[in-house]
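In: Got a sequence here, can you build the structure:
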Amino acid sequence: PFIGKNEIKIEGDRMTPEALWAMGRIGNVSPSPDGKQIAYGVTYYSVPENKSHRVIYMLNADGTDNRMLTTSAASEGDVTWIKGGTKLAYLSTESGSNQLWEMNPDGTERRQLTDTEKSLEGYSFSPDEKQLILVMTVKNGLTTADKHPDLPLATGRVITDLMYKHWDEWTDEIPHPYVADFDGKGISNLRDILEGQPYESPMRPFGGMEQLAWSPDGKTIAYTCRKKTGYDYAHSTNSDIFLYDIEKKTTTNLSEGIMGYDQNPVFSHNGKYIAWESME
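Out: Below is the predicted model:
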């Protein structure tokens, strides 16, 4: 069901769990290219349904005409402006899995842009919008059912090493960044830039699309990764910034030898420099 905005009830000047769950959580905020409008996401929660639901809002930059654009039962968010400000790109579960869609800034003419095998966790258009980074999970190691084909429904785990869990999720699947060509209507030539590698990017459990960045010319991608596994991964506080050349399919470690968390790369306007956060 569509959840939508809840009524917040405060009784006796006391903040309650019910009041907190009734509050919407603002997500990403995306100003239009001309600076006149702002699209943003809000997540609402339903305690009876035990579910959350994301919707997209639009308002004028001066704060007027605040309106909800998406009112379907699908969860929709991660909105950004594309095609010179004539369209909004966003993620939606309308087709059954989380996929990339577009619509007009008034919420009309909704159209699906991707139909990948797995749900998308994030996306990023190249500066010329001819390419896309798409984040999807890949299988990480063998499951109990893989090891014992005669027990296909087995869910038990035999754990002999770290890293086996992030907070509330097992590491059976890990995120990988894919790059694809985009013709304005759909994608093609989808490829995993970490294909065959047992590493996460963005990094679990808190990393998002801020851990990946396009170069201004769209020829390289900078990404955050901690290229370790098992015990070494769990005990390490050293992540690095890597530069992937799309044409050559080569990777360079830009922060090798800089110990501590290096993350969230950003290119300079001319592409000559890359800045990132470091906790050396």
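In: Val158: what's it in contact with?
Out: Neighbouring residues of Val158 by CB atoms under 8 Å, 6 or more residues apart in numbering: Thr144. In short, each C-beta sits where N, CA and C put it, glycine included.
In: Look up how far His166 lies from it.
Out: 19 Å (CB to CB, to the nearest Å).
In: Equivalent analysis for Ile133, please.
Out: Note on Ile133: its distance to His166, by CB to CB, is 22 Å.
In: Tyr178 now?
Out: As for Tyr178, its distance to His166 is 21 Å (criterion: CB to CB).
In: If you count surrounding residues, which of these two has more?
Out: Between Tyr178 and His166, Tyr178 has the larger neighbour count (other CB atoms under 10 Å), namely 21 against 14.
In: Please export the C-alpha coordinates of stretch 230-241 as CSV.
Out: In CSV, the C-alpha atoms belonging to stretch 230-241 read as follows (Å, rounded to 0.1, in the frame of the first residue of the first chain):
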residue,chain,number,x,y,z
GLY,A,230,38.3,-12.3,5.5
TYR,A,231,40.2,-11.5,8.7
ASP,A,232,42.3,-8.9,7.0
TYR,A,233,39.2,-7.0,5.8
ALA,A,234,37.6,-7.1,9.2
HIS,A,235,40.6,-5.8,11.1
SER,A,236,41.7,-3.2,8.5
THR,A,237,41.0,0.6,8.6
ASN,A,238,42.7,1.2,5.3
SER,A,239,40.6,1.9,2.2
ASP,A,240,42.0,3.3,-1.0
ILE,A,241,41.0,5.4,-4.0
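In: Please enumerate the helices of the stretch 101-250 of the chain.
Out: Under the criterion DSSP state H, counting those that start in this stretch, the stretch 101-250 of the chain contains helices at 144-147, 230-235.
In: The longest one: which residues count as buried?
Out: By that I understand helix 230-235. Tyr233 (16 or more other CB atoms under 10 Å).
In: what mean pLDDT would you report for stretch 173-191?
Out: Stretch 173-191 comes out with an average pLDDT of 97.
In: let me redo that: stretch 101-111
Out: Mean pLDDT, stretch 101-111: 96.
In: now the end-to-end length of that stretch.
Out: End-to-end span of stretch 101-111 (CA to CA, to the nearest Å): 6 Å.
In: Could you do stretch 206-214 as well?
Out: Separation of the first and last residues of stretch 206-214 by CA to CA is 20 Å.
In: Touching the helix or strand of the chain with the lowest mean pLDDT from outside, list them.
Out: Among the helices and strands of the chain, helix 144-147 carries the lowest confidence by mean pLDDT, DSSP states H and E, at a mean of 86. Identification of contacts with helix 144-147 by CB under 8 Å, 6+ apart yields 151-158.
In: try 6 Å this time
Out: Helix 144-147 is contacted by residues 152, 154, 156 when judged by CB atoms under 6 Å, 6 or more residues apart in numbering.
In: Buried residues in that helix, which are they?
Out: So for helix 144-147, nothing qualifies as buried (16+ other CB under 10 Å).
In: go on, stretch 134-141?
Out: Within stretch 134-141, the residues that qualify as buried are 134-136, 138, 140, counting by 16+ other CB under 10 Å.
In: same question, stretch 265-280
Out: Neighbour-count burial for stretch 265-280, counted by 16+ other CB under 10 Å, picks out 265, 267, 274, 276.
In: Show the end-to-end separation of it, please.
Out: First residue to last in stretch 265-280 (CA to CA) measures 15 Å.
In: roughly how far is it from the heart of the chain?
Out: The chain centre lies 20 Å from the centre of stretch 265-280; the measure is CA atoms, centre = their mean, to the nearest Å.
In: same deal with stretch 139-149?
Out: Averaging C-alpha positions (CA atoms, centre = their mean) puts stretch 139-149 26 Å from its chain's average.
In: Figure out the length between the terminal residues of it.
Out: Stretch 139-149 end-to-end distance (CA to CA) = 17 Å.
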